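1. mind looking at a prediction? Sequence and model below.
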Amino acid sequence: MSFGIWTGKVLKRGQPNEYMGKIMPIHKVGAISRTYRHIERYRQILSVLFRYGFGDILDALHIGRYIEIALPKRVKREQERIEELTLPERVRMAMEELGPTFIKMGQILSTRPDLIPMEFITQFEKLQDDVPPFPFEDIKTTVESELKAPIATIFRDFDETPVAAASLGQVHRATLATGEDVAVKVQRPDIKKTIGVDLEIMLHLATLLEQNVDACQIYHPTRIVTEFAETITKEIDYKNEAFYIERFARQFSGDPTVYVPKVFSDVTTARVLTMEYIDGVKASDIDRLEAEGFDRGVIAARGADLIFEQILVHGFFHADPHPGNIVILPGNVVCYLDFGMMGRIDRQTREDIVDLVVAVVRQNEAKATDVLLRLTTQDVLVNRRKMELDVSDLTMQYLGKSLKEIDAGQLLRQFMDLISHHRLQIPPDLFMMIKAITTVEGLGTVLDPDFDFAGAATPFIKNIRMERMHPKRVAGDMLNSGAEVIHLVKEIPGAFRDILKQAKSGGTTIKFEHRGIEPMQKTLDQVSNRISFAIVLSSLVMGSSLIVLAGVPPLWHDIPVIGIIGFLGAGMMGFWLLYSIIRHGRM
């Protein structure tokens, strides 16, 4: 018996299903030519998929013949056990059995409600990558191979028992020959090769699904695999993590409320990361925090301040701030661990997020819809009217509430549901940001039930709004715009030169027709006068902007007087130009 793959329960072929409708027809596909060299791993993957009730699609793709020899009778008996499981549960269990690459993919997908249904996200959030540690001999071989020296000459002491073990690597405590206590993260043997093989197979299966299963096309499986490949490729290069740690440390170099472990670059490579060993209290260990006299309210407030500062000020944030990655040091100092997953938010996106929150406070659904469309990409035509109505329903929940009273995490989650409903796509970093905010919010509530998370966001939101209106920021933006205009003007002669060359070579035909040259000459005179006037006006604005940025004295309220006069003059000239255009079209 074969089994349907798009149902919440194991189905016989032809039965209706609750997720995708009936299984769509699948065209005949060729052999798996790209993966012959990985045939054993391919058979293993297909065997697991068959065991968890995905036999129908394997049969329809003519892939089942590759696993016939790997299907003992117990597999068919196990299929009866999974009949009571839902489809998301079966996918999650299959991922757990298939190992680190699939587990990591599920964990990343758990933050992407724009890509997969919520039923799957709920299951993927349960994925754990805890695995048995690999032998110390492998650790020693990797360390000595990467650092080009015997382990005994680099480390005075190296604990053979790992502090933590995960799917990609494990961490050991050690002491450098120079005396510093360190944590050494060592990559699993051949993990890069394993991930490479799995990614190749994943991409091939995703391509088959996208090309042949109509119901899968809206989820863009090849795009999902490609994005995942980029993410995990960065994560398995520990030099990237070392760079992230050092950048994060510079970001908070003058902040006594946060501590960032030191990286020992001379004993760090792509497969070995050596950093300062931190002995603190896990943020989730409430009993120990209480016993050792830590202030849970202060810790919650600092955690919120830090995540909002990372996102709204620096635009570079820890994307996985779960309690296991945060330890508390004496003085209620917050220390982050595991910098393998970091996010970036540019200035424009930060300002769009603030605009979204403010639009909700002001009940401006049109503005909120505009911001959402700026933040997203659309593969399908968006029904803007329907989207505005949905946004209006959402904003009504916050009617009469001030900025401080709005739960930022809850608001962002609601918008994510709305975005998912309208089949919009959001950049991965934005989803990581939302995940980080909600994680810190949950931890803060555990630490202090009276914790005011929304209140912590308010000062950062107000600062961004004030910064946008500061004269120096406005002047800087105008200067940048002016520079773009100048660049465009510089390109015009070259463009004309290209046109002339094309005309000389016979590639361009230009037809001239003389009809009343006098009115046109008068119009050209008016246009040239206005252009000259506009150039003078632009020069005055740019010159005043430079004076304001340079802070040339004398000053009035920290703003150069000459710059103010220049802006006033430019404003008067601008009004005169506008008036002359409106009235009779003459200067």
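-> In hand now; what should we look at?
2. contacts, neighbours, all on C-alpha from now
-> OK.
3. how about the residue most central in space within the chain, what does it touch?
-> By C-alpha atoms, centre = their mean, the mean C-alpha position of the chain lies nearest to Asp429, the distance being 1.0 Å. Going by C-alpha atoms under 8 Å, 6 or more residues apart in numbering, Asp429 touches Gly343, Arg344, Ile345.
4. quick one: which of the residues you listed is nearest Leu447?
-> When these are compared for distance to Leu447 (C-alpha to C-alpha), Gly343 wins out at 24.9 Å.
5. ok but that closest one is inside a strand, no?
-> Yes. The assignment for Gly343 by DSSP: H, G, I helix; E, B strand; the rest coil puts it in a strand.
6. neighbours of it, how many?
-> Neighbourhood size, Gly343 [other C-alpha atoms under 10 Å]: 19.
7. and Lys193, how far is that from Arg41?
-> Relative to Arg41, Lys193 is positioned 12 Å away (C-alpha to C-alpha, to the nearest Å).
8. same deal with Ala249?
-> 41 Å.
9. cool, Leu549 as well?
-> 62 Å.
10. likewise Val272?
-> From Val272 to Arg41 the distance is 27 Å (C-alpha to C-alpha).
11. I'd like the next helix or strand past the lowest-mean-pLDDT helix or strand in the chain.
-> Across the helices and strands of the chain, mean pLDDT, DSSP states H and E gives its lowest value to helix 73-81, namely a mean of 56. Using DSSP states H and E, the helix or strand that follows helix 73-81 towards the C-terminus is helix 87-98.
12. could you dump that following helix to PDB, C-alpha only?
-> Only the C-alpha atoms of helix 87-98 are listed here, as PDB (Å, rounded to 0.1, in the frame of the first residue of the first chain):
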ATOM      1  CA  LEU A  87       1.400  15.500   8.600                       C
ATOM      2  CA  PRO A  88       3.400  18.200  10.400                       C
ATOM      3  CA  GLU A  89       4.200  15.700  13.100                       C
ATOM      4  CA  ARG A  90       5.400  13.200  10.600                       C
ATOM      5  CA  VAL A  91       7.600  15.800   8.800                       C
ATOM      6  CA  ARG A  92       9.100  16.900  12.100                       C
ATOM      7  CA  MET A  93       9.900  13.300  13.100                       C
ATOM      8  CA  ALA A  94      11.400  12.500   9.700                       C
ATOM      9  CA  MET A  95      13.700  15.600  10.000                       C
ATOM     10  CA  GLU A  96      14.800  14.500  13.500                       C
ATOM     11  CA  GLU A  97      15.800  11.100  12.100                       C
ATOM     12  CA  LEU A  98      17.500  12.500   9.000                       C
END
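13. Val272 and Arg41: who's more crowded?
-> Per other C-alpha under 10 Å, whichever of Val272 and Arg41 has more neighbours is Val272, with 24 against 17.
14. so how far is Ala174 from the closest residue to that one other than its chain neighbours?
-> Using C-alpha to C-alpha, 6 or more residues apart in numbering and skipping the chain neighbours, the partner closest in space to Val272 is Val186 (4.8 Å). Here Val186 is placed at a distance of 12 Å from Ala174 (C-alpha to C-alpha).
15. settle it for me: which of these two has more neighbours?
-> Comparing Val186 with Ala174 by other C-alpha under 10 Å, the one with more neighbours is Val186, at 26 against 21.
16. the more buried one touches Ser167, doesn't it?
-> No. Val186 is beyond contact range of Ser167, at 11.3 Å (criterion: C-alpha atoms under 8 Å).
17. what count of nearby residues applies to the nearest residue to Ile345 once chain neighbours are set aside?
-> Leaving aside its chain neighbours, Ile345 sits nearest to Gly315 (4.6 Å; criterion: C-alpha to C-alpha, 6+ apart). Neighbours of Gly315 under the rule other C-alpha under 10 Å: 17.
18. tell me the contacts of Gly315?
-> Contacts of Gly315 by C-alpha under 8 Å, 6+ apart are Gly343, Arg344, Ile345, Asp346, Arg347, Arg350.
19. identify the bridge partners of the second one.
-> This points to Arg344. Phe316 (DSSP bridges).
20. count of neighbours near it?
-> 19.
21. was I right to think it contacts Ala319?
-> No. Arg344 lies out of contact with Ala319 (C-alpha under 8 Å); the separation is 9.1 Å.
22. Leu203: neighbouring residues, count only.
-> 18.
23. host element of it?
-> helix 191-212.
24. tell me what angle the very next helix or strand once past that helix forms with helix 191-212.
-> Next along the chain after helix 191-212, taking DSSP H and E as the criterion, comes helix 221-235. With axes from the mean of the first three to the mean of the last three C-alpha atoms, to 10 degrees defining the directions, helix 221-235 sits at 170 degrees from helix 191-212.
25. mind giving me the packing neighbours of helix 221-235?
-> Judged by 3 or more C-alpha pairs under 8 Å, 6 or more residues apart in numbering; DSSP states H and E, helix 221-235 is in contact with helix 100-109, helix 191-212.
26. can you name every helix or strand that the next helix or strand after the first one contacts?
-> When you say that, I think you mean helix 100-109. Per DSSP H and E, the first helix or strand lying C-terminal to helix 100-109 is helix 118-124. On a contact count with 3+ C-alpha pairs under 8 Å, 6+ apart, helix 118-124 meets helix 87-98, helix 100-109.
27. mind checking how far helix 118-124 is from the chain centre?
-> A distance of 19 Å separates the centroid of the chain from that of helix 118-124, by C-alpha atoms, centre = their mean, to the nearest Å.
28. what does stretch 289-308 give?
-> With C-alpha atoms, centre = their mean, you get 26 Å for stretch 289-308.
29. quick one: buried residues of it?
-> By neighbour count on 16 or more other C-alpha atoms under 10 Å, the buried set for stretch 289-308 is 289, 294, 296-308.
30. give the full set of residues in contact with Leu412.
-> When contacts are counted by C-alpha under 8 Å, 6+ apart, Leu412 touches Ile434.
31. let me fix that: Cys216
-> Applying C-alpha under 8 Å, 6+ apart, the residues near Cys216 are Leu209, Glu210.
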